[in-house]
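K.L.:
Structural data only, the sequence is not supplied:
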């Protein structure tokens, strides 16, 4: 497949999520880098896949060997028909399809010096030590970044050498720190007082470099060369000599400048003698040193025997241990059982380990190519031997782990044939087939999950494929855009493993689909894998797994950060116990009148978009199509605003494109000139509070009105974007004729603005709430009557359809629709009002669109870690210590694994219970009739000693002990289904086979919440 010609500018529609991780400069450096990946087994293809998706200039995949059956347990771009054919050549076509901008070639010859010198980054996998040393020496001498990655069974190794003078342009993922200046002294050293965007302490550390902008008075600091700071306290910094500068007056921002760092690395030969292993946990250094010796011993074993140790062959394991002992010249403590286990699984090829190290190694390639983030220094080791069965040798024998001549031989070598059969029988539910979902499904296919008799995978995702998905969601191709993700993903993994039993759905998983994804669906499942980016959706899936007692693998990523949580019934805490808090809302008054950051102006612009181009159209259409619309408006300021908007949209309906341009010009004047004039009339620049403090101080910025200028590009961009969207909403033809627009603007006459006296502008949300509650009911009634008469007239003249509007729903990823254009320019104009530095379109899109930065490397690594936990679930491990939650940050790189917390327990009487417990009650009596409420309460009292004070179903109260005697008697004789439906005659609502009821019981001190009641209705 021929690579597409790379455009001069970065293709933001493809790389948008990755751009928010790496930035434009790093992406440009990537695009000029040629990479060699040697070894096309599972690990090599994972690295190549991730690097190609990232958008380097070219990737050459190298392998002189032919595909074997054992490769198919991790090499997803090889098929059974490729066995016996060259791995690199067989993989090249599929790899090339991942990114049309990247030149992908296959090479099968020797790695000569003349061949190697064409690359900026060289990666070796599945290579001999002799080859590693030879190529390392060559690359180090020529400043070619060199990486060794290797996986054996459940263990992995990574080594990096980026030369003696490698420059890291930006070591961190976080945006530069920014703070608002409160005061700067004229001194040597000058002392700066500042607060962050929320008015809290700054985050600078001594040694940071900073620069300044927007400073009034001491203007010498604006755009100065970066200055080093010394932190005095949480609000004050020393910034160097300011004694000769002008006195500070007001305002300004102090912003961190990221200064390039130079790092030096040793070549492999020297690094072997001076071992430096990267790990956050010093207690595991001995284990990693043992792994290092095991890998080195394996090189010697393979050289002597011309083969790998055979699975579970004791003689081979002991021989490898002896080699490791001989290599341990420093007599460091050696974990002998670890080395034996390593030998027994070294012939194994596991997809999850390849995915994890493929993500880790590929991120190091990107660091080498871009200078973004800190490279590994210099060794990293990992193992997941806890995935093996606890009885070890008893269940894993030489016979059970011997190759079968099948696609799972690489996995059978580690876990045995019986385990492979068990994997094939699994029934799993995958919720989401985006980036993590694609990686999970790929791993499942390689592992043979649900590929046997009785096995099944159900994957559901309601989304369709967009172009921006192609950079991370590697199962999709450009020709799949607009197709359902779940269906395309399912078909893609069928091609990888034709034996997998997978069914695709396009449903949302939530309260509206509980009948479809209810007990009958969940009961046969062995587990659930959540691949969702919505916290609310993830929490809901977690709640369903608790309800049906199913294990859950939850994964998430943000940029180079990722985490995996395994939830095991009756053993671990659920996901919802420690989920991230919801994003804090920006106060309304801050948005309306007192923005202090670009985040504020962008949220304001986003609200403008909704209020101008979606809500008016939706409300007008409801008004025209629903005769009860006006009756449903309760007296409130919100209702008054809705009706006034409907009225103005109908009576001021534009008739032409020129009308839309005129409307945009009026809107510009109202927002960026008149409203600011009114605000300054109410609160002049020198206004002081009742405490004598300047009103415009702290993070509150004093604004200035803007004057419209036809020659100002930003002003004209607003007119064009706003007029275009307004015309689209009113179903009018747009025009890009600049001269005609200019003529319309020049002929537009606007009345000079006169500030109104007595206008109260709320300063806090509490003041805003007070004014909002004082709605003018007379005005609302009059407006309702006027609109009712207008609707009657439109109906009589058969004109309702002519007045229907087209609501515009915000879509961030279509650059041709003007949505982000409008929000960017609207925000930047407001930022100019308030002296806030503007944001470009890319940054505006991320903030306004609430885009989560994402990159394929993190996704692959996280999916690998999740699948390691799946191995344990299939084995049926019942000890908390067997499971691991994981956190990784590839930018450092850091990988931390830790034992999950146990499920928390509560006590009622003498009984302890957790979220995994429930009271199971058969709701059908022996005579076939449903249990009444009285019978349920009697049952709970007799069988469980529960004195119920309150019974609830979802948000409805079915019983309360404080109700009147008459109300209680009316309720007690009713069937539970009658109470849930709310009407004994209503049989329309379909109920699930099991009702989940919440019960609160009387206690000596207080009411106590207990496990739910699961009332079976069938």
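P.N.:
On my side now, so go ahead. Since the model is a prediction, treat every value here as computed from it, not as a measurement.
K.L.:
Low-confidence regions, the stretch 501-650 of the chain specifically.
P.N.:
Residues of the stretch 501-650 of the chain that meet the criterion pLDDT under 70 lie in 578-584, 632-636.
K.L.:
how about 50 then?
P.N.:
Counting by pLDDT under 50, not a single residue of the stretch 501-650 of the chain qualifies.
K.L.:
again with the chain
P.N.:
Going by pLDDT under 50, which is the cut-off in play, the chain has low-confidence ranges at 280, 984-988.
K.L.:
Specify the residue ranges that define each domain of it.
P.N.:
Structural domains of the chain, as assigned by automatic domain parsing, span the residue ranges 12-168+265-282+349-392, 178-257, 424-583+851-894, 588-848, 905-1016.
K.L.:
Now the terminal residues of the third one, how far apart.
P.N.:
It stands for domain 424-583+851-894. 33 Å (CA to CA, to the nearest Å).
K.L.:
just the last one next, same as before
P.N.:
This stretch, domain 905-1016, spans 25 Å end to end (CA to CA).
K.L.:
next one: the fourth one
P.N.:
One end of domain 588-848 to the other measures 16 Å (CA to CA).
K.L.:
Same check on the shortest one?
P.N.:
According to CA to CA, domain 178-257 extends 10 Å from its N-terminal end residue to its C-terminal end residue.
K.L.:
Pull the residues that contact stretch 398-415.
P.N.:
The contact list for stretch 398-415, computed with CB atoms under 8 Å, 6 or more residues apart in numbering, reads 42, 68-74, 80, 153-154, 310-313, 344-345, 347-351, 388, 396, 416-420, 447-448, 497, 871. All C-beta spots, glycine's among them, are computed from the backbone N, C-alpha and C.
K.L.:
Any quick PyMOL command for the buried ones out of the residues you listed?
P.N.:
To isolate the buried ones among the contacts of stretch 398-415 in PyMOL, judged by 16 or more other CB atoms under 10 Å, type:
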select buried, resi 42+68+69+70+71+72+73+74+153+154+310+311+312+313+344+345+347+348+349+350+351+388+396+416+417+419+420+447+448+497+871
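K.L.:
What about the contacts of stretch 398-415, which are in helices?
P.N.:
Secondary-structure check on the contacts of stretch 398-415 using DSSP state H: residues within helices are 42, 344, 345, 351, 417, 418, 419, 420, 447, 871.
K.L.:
Check those and tell me the two furthest apart.
P.N.:
The largest distance within the ones in helices among the contacts of stretch 398-415, taken as CB to CB, falls between 42 and 418 and amounts to 22.6 Å.
K.L.:
can I assume residue 896 sits in a strand?
P.N.:
Yes: membership of residue 896 in a strand is supported by DSSP: H, G, I helix; E, B strand; the rest coil.
K.L.:
From what I see, it and residue 887 are in contact.
P.N.:
Yes: under the criterion of CB atoms under 8 Å, residue 896 makes contact with residue 887 at 4.8 Å.
K.L.:
higher neighbour count, these two?
P.N.:
In this view residue 896 and residue 887 are compared by other CB atoms under 10 Å, and residue 887 has more residues nearby, 17 against 14.
K.L.:
What helix or strand is that one located in?
P.N.:
strand 885-889 (DSSP states H and E).
K.L.:
before we move on, what about residue 203?
P.N.:
Here residue 203 is covered by no helix or strand, with elements defined by DSSP H and E.
K.L.:
tell me the helices in the stretch 201-350 of the chain, going along the chain?
P.N.:
For the stretch 201-350 of the chain, applying DSSP state H, counting those that start in this stretch gives helices covering 268-273, 285-305, 314-327, 336-345.
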